[in-house]
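1. sequence-free structure coming up:
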C-alpha cells in the first residue's frame, strides 16, 4: 500500500515508499533546499534579535545590513555609539527632571536668593527671581543643580 503525504514547503502530494524507507518531507530537491534556506534565515534572524534585543527592529535590521556589507568591526562600533547615545539621552532626561524640580520648588518659594556650597567648599549664590533660577539651571553642571535643589528643599522644610 502506497501512503500519501504532502510536501511541507509547497503542499504538493508525495507518494511514500514503504518497506522501512524514511518518510519524505519534500516533493523534490527544490523544496528541500528552500526549507534549508528558510531554517538558516530563521536562525540568522533569531541570532540578530538575541544579539541586539535592546534595539528596535529597524535598528537591528540596519546593524545586520551594516555587518553584512562592511564587516563586524563597523557594526560593533556603531552598536556601541548607539548605546552611548541612549545613555546620554537618559542622563539628559534625568538632568532635565532635576532642572524642572529646582525651578518648580523656586516658584513655590517665590524665587528667593539661594546660597549653598559646592563640593569644593566654594559658595554659590542664585539671585532672586525666576530668570536667575532658570538661567542657573541652563549654565550649571548637573551636580551643582542637585546641590541647589537640596538647599531649596532644606529651605522649604525649615521655612526660612
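-> Noted; the coordinates are in hand. In this text, all values refer to a predicted model and were calculated from it rather than measured experimentally. Numbering: from 1, shown residues only.

2. what segments of this structure are helices?
-> Under the criterion DSSP state H, the chain contains helices at 29-51, 57-70, 72-108, 130-139, 142-158.

3. between those, which gets nearest to residue 9?
-> With respect to residue 9, and counting by C-beta to C-beta, the nearest of the helices of the chain is helix 29-51 at 3.9 Å. Just so you know, the C-beta spots here come from the backbone N, C-alpha and C atoms, and that holds for glycine as well.

4. helix or strand with the lowest mean pLDDT in this protein?
-> The weakest-scoring helix or strand in the chain, judged by mean pLDDT, DSSP states H and E, is helix 72-108 (a mean of 82).

5. which strands or helices does that helix pack on?
-> On a contact count with 3 or more C-beta pairs under 8 Å, 6 or more residues apart in numbering; DSSP states H and E, helix 72-108 meets helix 57-70, helix 130-139, helix 142-158.

6. between the ones you listed, which one is closest to residue 99.
-> helix 130-139 (3.9 Å).

7. tell me which residues in the closest one are buried?
-> For helix 130-139, a neighbour-count test (16 or more other C-beta atoms under 10 Å) marks 133, 136-137 as buried.

8. now stretch 39-57
-> In terms of neighbour count (16+ other C-beta under 10 Å), stretch 39-57 has its buried residues at 48, 52, 55.

9. mind listing what residue 134 touches?
-> Listed by C-beta atoms under 8 Å, 6 or more residues apart in numbering, the contact set of residue 134 reads residue 103.

10. now it: how far from residue 102?
-> Distance, residue 134 to residue 102, by C-beta to C-beta, to the nearest Å: 9 Å.

11. same question, residue 58
-> 37 Å.

12. so which of the two has more stuff around it?
-> More neighbours surround residue 102 than the other of residue 58 and residue 102, with 25 against 8 (other C-beta atoms under 10 Å).
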